[in-house]
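Colleague: Have a look; sequence and predicted model below, questions after that.
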Amino acid sequence: MKGYLLDTHVLIWLMTDNVKLNKNIREDIEYFQNAYYVSVETLREIVILQLNKKIELKIDSVISYLQSLQVCIIDIDTDHIKELEKTPMINIAGKTHEDPFDRMLIAQAITNKLTIISSDGKFPFYKNYGLKLLVNEL
């Protein structure tokens, strides 16, 4: 695969017109400049955030929005699980990075050779393990 995997927050910021999303990234996605992907794991995280009343997005509207932008949803398969097992749980500032959503996105990006778009400060620590990263900077 070639293209970009959107981190959960990047997708939420895109859908809510949040100024935290870099204007160039937003325009690139909205004008179909590259192939973009969202993990089913991101959809799962959005549902959990919505159920915990941290966001107000409904999953049907998220899926419709992705379809309108021709963003493909990728499933989790056994190759992703194998990569997840191989990818170390990195210690960052004295804490182990255990976030299951982040770790699955990292495993999928590495396996599918996708560049992940994220603002997460933990993601650069995985570059030594094959992660390609485009940092969302303002």
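Modeller: On my side now, so go ahead. Just so we're clear, the structure is a prediction, and the values are computed from it rather than from any experiment. Numbering: from 1, shown residues only.
Colleague: Would you map the strands across the protein?
Modeller: Using DSSP state E, the strands of the chain run over 4-6, 36-39, 72-74, 91-92, 95-96, 115-118, 132-135.
Colleague: mind giving me CSV with those strands and columns for distance to Val62 and mean pLDDT?
Modeller: Heads up, the C-betas are built off the backbone N, CA and C, glycines and all. Output for these, formatted as CSV (distance: least, Cβ to Cβ, whole Å; pLDDT from 0 to 100):
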stretch, distance to Val62, mean pLDDT
strand 4-6, 11, 97
strand 36-39, 9, 98
strand 72-74, 10, 98
strand 91-92, 29, 88
strand 95-96, 30, 88
strand 115-118, 17, 96
strand 132-135, 21, 95
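Colleague: In contact with Asp102, which residues?
Modeller: Contacts for Asp102 were tallied using Cβ atoms under 8 Å, 6 or more residues apart in numbering; they are 120, 122-123.
Colleague: swap that for Ile59, sorry
Modeller: Going by Cβ under 8 Å, 6+ apart, the list of residues near Ile59 reads 43, 46-47, 50.
Colleague: pLDDT score assigned to it?
Modeller: pLDDT for Ile59: 97.
Colleague: Kindly report the same for Trp13.
Modeller: For Trp13, the predicted pLDDT is 96.
Colleague: So the closest residue to Asn18 other than its chain neighbours versus Ile110, what's the distance?
Modeller: Excluding the flanking residues, the one nearest Asn18 by Cβ to Cβ, 6 or more residues apart in numbering is Ile12, at 7.2 Å. Remark: distance between Ile12 and Ile110 (Cβ to Cβ, to the nearest Å) = 23 Å.
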